[in-house]
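Enquirer: no sequence on this one, just coordinates:
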Ligand code: AMP
Ligand code: GLY
């Protein structure tokens, strides 16, 4: 099979690494890819959201299967466009991707099927939203969320009423995130431990992957600003099988059934962002794609063929397609540019990469890197994902941090507490 992978981050490097191991993979292209993906695939300079260019490329190059990393192209209808062109695409249709594309849609669907989630209300007018907040804060702190696509920047967890009012002003009046903030969802704040539960779905059947814990804050002990993710690990000692069963039974299965019933069946990865509160799962959000950096720990542990799973998700045959994961542990540490998630320099040479990648039970997935004059240099905020594998979480953690120690670039920063807390 000739495969086109859309995207160019650490998630896509991990997917590319796994796709290459499939007996079905004859040729792999990536749009746009990065310096790490370039070692496995032919990279083509097409942006993930350039839908007509991607379709034209896929036709010209006789692509049999398209695998999509980021959400934006899916929300914009890339899977529909590929299907119209007769090309198989692993990922939800535009209508199904609304589960991530509109927070109001997702919350209303959760409410309709009785999936546990925080109480909420939807607003199109800032004054009504503010009046609701003034009333609600008498009892409960809230989270203010832009309804539309906001690249992970649309949720404001507010300690005080004044912060929540500012969030409404920023989103709805100043339009700080553009049209994404024209409508907001306001929900009660939940407390507990977060967990990412990624499932592969074929319209009817949903198979869960091992749950992953993601670290969103920039600094140790969950201090500092929110980022795209500074690391993650799996398995989770605090996610017993009964909890996963409850999440599937109460959240994932009813949502998948409701999407089918609406005539917009869900095919692809359905990522449920959950809060575990009093040992019960509550839905914070749905994403319509693989997580980043969750994928960097899941792909190394996936024993089944990813191409076969992708085809089964498209064709509706997951019930007959086993998905097996190793019982080992994996820990991912993100190496970020100095200053990230604020401004940072790029073009800085990275040293020690080949040494680190030769260590046993270590994989290095590139995020923001590029080739420059024969050298790999930094090209983004999150630069590298260093993954350690081990029989226990402690071993996996030790392997990851051993590799981190041999890598260096100017200003490099990372969290030292991944998989510790
Ligand atoms: P979302 O974009 O909906 O995933 O929200 C981003 C992040 O905000 C989540 O990963 C949580 O850390 C936090 N968050 C979202 N909703 C809530 C909530 N109801 N209570 C507490 N934290 C939340
Ligand atoms: N790790 C968070 C996300 O992929 O949205």
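Expert: Received, thanks. These numbers were taken from a predicted model, which means no experiment stands behind them. Ligands and ions are numbered 1, 2, ... in the order given.
Enquirer: and residue 246, what element?
Expert: In the assignment (DSSP states H and E), residue 246 maps to helix 241-247.
Enquirer: is residue 232 in a helix, a strand, or coil?
Expert: strand (DSSP: H, G, I helix; E, B strand; the rest coil).
Enquirer: the residue lying closest to it once chain neighbours are set aside: what's it in contact with?
Expert: Once flanking residues are discounted, residue 232 sits nearest to residue 214: 4.5 Å by CB to CB, 6 or more residues apart in numbering. C-betas here are computed from N, CA, C, even on glycine. Under the criterion of CB atoms under 8 Å, 6 or more residues apart in numbering, the neighbours of residue 214 are 194, 196, 229, 231, 232, 291, 293, 294.
Enquirer: one step back: what comes into contact with the helix holding residue 246?
Expert: 197, 208, 211, 272, 274, 276, 279, 280, 281.
Enquirer: confirm the fourth one sits in a strand?
Expert: Yes: applying three-state DSSP, one finds residue 272 inside a strand.
Enquirer: so what sits opposite it in the bridge?
Expert: residue 197, residue 286 (DSSP bridges).
Enquirer: quick one: whichever residue of the stretch 251-400 of the chain sits closest to ligand 2 and residue 15, what's the gap?
Expert: At 3.6 Å from ligand 2, residue 291 is the closest residue in the stretch 251-400 of the chain, using CB to the nearest ligand atom. Note on residue 291: its distance to residue 15, by CB to CB, to the nearest Å, is 11 Å.
Enquirer: residue 249 too?
Expert: In this view, residue 249 and residue 15 are 29 Å apart by CB to CB.
Enquirer: more neighbours: which of these two?
Expert: residue 15 (30 against 11; other CB atoms under 10 Å).
Enquirer: now for the helix or strand containing the more buried one, which elements pack on it?
Expert: Per DSSP H and E: residue 15 is located in helix 10-20. For helix 10-20, the packing partners by 3 or more CB pairs under 8 Å, 6 or more residues apart in numbering; DSSP states H and E come out as strand 2-7, strand 27-32, helix 294-301, helix 306-315, strand 362-366, strand 382-390.
Enquirer: could you dump those to CSV with mean pLDDT, distance to ligand 1 and mean neighbour count?
Expert: Putting those into CSV (pLDDT from 0 to 100; distance: least, CB to the nearest ligand atom, whole Å; neighbours: other CB atoms under 10 Å) gives the following:
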stretch, mean pLDDT, distance to ligand 1, mean neighbour count
strand 2-7, 98, 19, 25
strand 27-32, 98, 25, 21
helix 294-301, 98, 12, 27
helix 306-315, 98, 23, 21
strand 362-366, 98, 22, 25
strand 382-390, 98, 17, 27
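Enquirer: quick one: which of these is nearest residue 163?
Expert: strand 382-390 (26.7 Å; CB to CB).
Enquirer: that closest one versus helix 294-301: what angle between them?
Expert: When axes from the mean of the first three to the mean of the last three CA atoms, to 10 degrees is applied, the directions of strand 382-390 and helix 294-301 differ by 40 degrees.
Enquirer: tell me which residues are up against the helix or strand that strand 382-390 is followed by.
Expert: Remark: after strand 382-390, the chain's next helix or strand is helix 393-405, criterion DSSP H and E. With CB under 8 Å, 6+ apart as the test, helix 393-405 has contacts from 233, 235, 237, 328-333, 335, 356-357, 359-362, 364, 386-390, 414, 416, 418-420.
Enquirer: one step back: buried stuff in the helix holding residue 15?
Expert: Across helix 10-20, burial judged by 16 or more other CB atoms under 10 Å covers 10, 11, 12, 13, 14, 15, 16, 17, 18, 19.
Enquirer: TSV for those residues, including distance to ligand 2?
Expert: Converted to TSV, those look like this (distance: CB to the nearest ligand atom, whole Å):
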residue	distance to ligand 2
10	10
11	7
12	12
13	14
14	12
15	13
16	17
17	18
18	17
19	19
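Enquirer: export those as CSV, with columns for pLDDT and distance to ligand 1.
Expert: Output for the buried residues of helix 10-20, formatted as CSV (pLDDT from 0 to 100; distance: CB to the nearest ligand atom, whole Å):
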residue, pLDDT, distance to ligand 1
10, 97, 18
11, 98, 16
12, 98, 21
13, 98, 23
14, 98, 20
15, 98, 21
16, 98, 26
17, 98, 26
18, 98, 25
19, 98, 27
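Enquirer: neighbours of residue 261, how many?
Expert: Residues contacting residue 261 under the criterion other CB under 10 Å number 10.
Enquirer: spell out which parts of the protein neighbour ligand 2.
Expert: Counting by CB under 6 Å from any ligand atom, the chain comes close to ligand 2 at 152, 214, 229, 287, 291, 292, 294.
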